[in-house]
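J.: My questions concern the predicted model and sequence given below.
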Amino acid sequence: MASDRPALAAATGLLLAAGLVLGGCAGEPSGTPFFDLIAELPGAEIHAEARAIVFGDPAGRWHLVDGFWNQIEHDGRRGFVWSSGPSSTVRFELLAARDLVLELEARPLRYPHAPPQTVALVLNGRPLATLGLGPRRATYAVAVPASSLVAGMNVLELRYGDVRQPRQVIAGARDRRYLAVAWYAIILREAEDGGGDAGAAAAAGATRPKPRVEPARGTLFLPWGTAAEYFLELPPGSWLEVERWSLRGAADGRLEVVVESEGGGAAVVAAVDRTTRPRRIALPGAGLVRLALRALPAGGAPA
């Protein structure tokens with residue numbers, strides 16, 4: 001199919017795409033385009049992995065499922081949220097399971113003769129690690145294998161070894177809350193990335209940029225760690241055509257084209273990386289489907 005749409009272009013750290021059209025007609029090999037994924041991006045369902053859970057940012061509240069006090073407090077430099085009760089739960093979404101490093105920035109409740117605080121991490125219902133916290137704010141790194149994670153929603157439970165009411169252990173305190181740990185941030189890093197200052201990482205942005213279109217170039221930008229999903233009716237013999245691919249930033253990143261039919265499972269019909277860049281991709285089946293474009297960072301396991 002000839003087209004004057006611009007091709008897929010990219011910027012550092014982004015997977016960018018353009019000239020994305022669906023076409024097809026049973027019995028006609030050349031086919032006819034009938035759906036432009038770039039023009040229809042405003043109607044797509046967008047997913048973006050979190051880079052961090054920043055407890056001092058109201059936008060991070062969505063990640064806090066249970067076991068936290070509502071108010072954001074400050075220590076003079078950073079915002080934090082106190083745990084509430086014997087355990088807390090956070091959630092985060094991944095497009096693909098892969099090896100990650102969690103960097104947890106926290107400090108325990110301090111009071112005279114306090115025992116060392118411990119935090120047992122339970123990820124998706126399975127024990128992951130137990131941290132021993134020092135008396136001051138610090139960052140603790142935990143390696144997380146891909147086998148402990150899932151594509152979709154992940155749930156991390158934080159179980160505390162020592163929970164106290166400040167009024168019972170600190171002279172003159174009137175706080176009746178049951179407290180254990182003040183939480184500042186949880187950073188999600190790719191396993192191959194080097195560590196860094198958790199505060200700086202949190203300040204750099206908790207969420208990834210969203211997929212977007214550059215109208216002048218007709219280009220779809222899919223930042224790594226994001227996905228655009230379209231719900232549409234496919235005629236038999238449909239295909240996805242792209243004039244040109246361009247991938248930059250993540251050396252081992254790739255774009256997955258995933259099709260999920262009504263009542264059926266999801267199937268990866270193409271994986272685009274630096275060595276494989278198909279121009280036309282055959283789409284299986286017909287009828288109502290979910291078509292997803294997933295920009296997976298390095299290390300993402302196939303869906």
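T.: Done, it's in.

J.: where's R294 relative to D175, distance?
T.: Using CB to CB, to the nearest Å, R294 is found at 46 Å from D175. Yep, even glycine has a C-beta here, placed from its N, CA and C like the rest.

J.: more neighbours, the two?
T.: R294 (24 against 14; other CB atoms under 10 Å).

J.: Is the more buried one in a helix, a strand, or coil?
T.: Three-state call for R294 (DSSP: H, G, I helix; E, B strand; the rest coil): strand.

J.: ok, now which ones touch it?
T.: 95-96, 226-227, 255-256, 258, 303 (CB atoms under 8 Å, 6 or more residues apart in numbering).

J.: And for A266?
T.: Taking CB under 8 Å, 6+ apart as the contact definition, A266 lies against 258-260, 290, 292, 303.

J.: Find the pair from the residues you listed with maximum spatial separation.
T.: R290 and A303 (12.2 Å; CB to CB).

J.: Spatially central residue in the protein, please.
T.: Centroid-nearest residue in the chain, with CA atoms, centre = their mean: E49, separated by 1.6 Å.

J.: Now do the residue nearest to that one when sequence neighbours are not counted against R91, distance only.
T.: Closest residue to E49 apart from its sequence neighbours, by CB to CB, 6 or more residues apart in numbering: G225 at 4.0 Å. Between G225 and R91 the computed distance is 16 Å (CB to CB).

J.: Comparing those two, which residue is more hemmed in?
T.: The neighbour count for G225 versus R91, taken as other CB under 10 Å, is higher for G225 (28 against 15).

J.: The more buried one contacts P209, doesn't it?
T.: No: here G225 does not reach P209: they are 9.3 Å apart, not a contact under CB atoms under 8 Å.

J.: what do these two both touch?
T.: A48.

J.: list residues touching both of R290 and A303?
T.: Counting by CB under 8 Å, 6+ apart, the contacts common to R290 and A303 are 258, 266.

J.: how about stretch 138-146: buried residues?
T.: 139-140, 142, 144, 146 (16 or more other CB atoms under 10 Å).

J.: Out of the residues you listed, name the two that are farthest from one another.
T.: Farthest pair in the buried residues of stretch 138-146, by CB to CB: T139 and A146, 22.5 Å.

J.: picking up where we left off before, make a markdown table out of the buried residues of stretch 138-146 and add distance to P115 and secondary structure.
T.: Formatted as a markdown table, those follow (distance: CB to CB, whole Å; DSSP: H, G, I helix; E, B strand; the rest coil):
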| residue | distance to P115 | secondary structure |
| --- | --- | --- |
| T139 | 22 | strand |
| Y140 | 18 | strand |
| V142 | 22 | strand |
| V144 | 27 | strand |
| A146 | 35 | helix |
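
J.: Let me see the residues that make contact with stretch 159-173.
T.: Against stretch 159-173 from outside (CB under 8 Å, 6+ apart): 83, 85-88, 108-109, 111-112, 114-122, 174-181.

J.: cutoff 7 Å now
T.: 83, 85-87, 109, 111, 114-115, 117-120, 122, 174-181 (CB atoms under 7 Å, 6 or more residues apart in numbering).

J.: Emit the ChimeraX select command for whichever of the contacts of A266 are buried.
T.: Buried members of the contacts of A266, defined by 16+ other CB under 10 Å, are picked up in ChimeraX with:
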select :258,259,260,292,303
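
J.: Please produce CSV containing the buried residues of stretch 138-146, extended by distance to A191 and pLDDT.
T.: Formatted as CSV, the buried residues of stretch 138-146 follow (distance: CB to CB, whole Å; pLDDT from 0 to 100):
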residue, distance to A191, pLDDT
T139, 17, 97
Y140, 16, 98
V142, 11, 98
V144, 8, 97
A146, 9, 95
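
J.: want to try JSON lines for those residues, with distance to I281 as columns?
T.: Formatted as JSON lines, these follow (distance: CB to CB, whole Å):
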{"residue": "T139", "distance to I281": "43"}
{"residue": "Y140", "distance to I281": "43"}
{"residue": "V142", "distance to I281": "38"}
{"residue": "V144", "distance to I281": "32"}
{"residue": "A146", "distance to I281": "26"}
